[in-house]
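**Q** Sequence and computational prediction follow.
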Amino acid sequence: MLMSSVTSHLTDLLARLRRGAPFNPERDWALLLGSAGVALVFIVAWNVWAFRTVVGGGTLDAPPQTSPTPASQTSLEAIPALLAGRAAEDTKYINGIYRFADPSQ
């Protein structure tokens, strides 16, 4: 009932816009504010649902179908060596072994 009433008002408004008929500002404002109110209620309800879902430990997206594969032990053992190499390069920049040559000079 409400939806058909809103659509009939919208089609009437569009028809009046096409033929240049005078407006009924009271009805048009009521329709605009009513639509904005319905949209606001929908947005608030959606946010309350999302908040309660997340607070309850749920997710907004569908849970993954498969569990992620665990990392292999060899790749985990390679990480400290990689970070040590990066630290060695960083100390070369700090100690002045590497120098930056400014091409604009």
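**A** That came in fine, so what should we check first? Remember, predicted model here, so these are calculated numbers, not experimental data. Residues are numbered from 1 along each chain as shown.
**Q** switch to C-alpha atoms for all contacts and neighbour counts from now on
**A** Noted.
**Q** Give me the mean pLDDT for the longest helix seen in the chain.
**A** Longest helix in the chain, counting residues (DSSP state H): helix 25-55. Averaging pLDDT along helix 25-55 gives 93.
**Q** Which strands and helices lie in contact with that helix?
**A** On a contact count with 3 or more Cα pairs under 8 Å, 6 or more residues apart in numbering; DSSP states H and E, helix 25-55 meets helix 2-19.
**Q** May I see the buried residues of the helix it packs on?
**A** Neighbour-count burial for helix 2-19 flags Leu13 (criterion: 16 or more other Cα atoms under 10 Å).
**Q** And that helix, what does it pack against?
**A** helix 25-55.
**Q** need the next SSE after the helix it packs on, C-terminal direction.
**A** helix 73-95 (DSSP states H and E).
**Q** ok, and what's touching that next one?
**A** Contacting residues not belonging to helix 73-95 are listed as 98-99 [Cα atoms under 8 Å, 6 or more residues apart in numbering].
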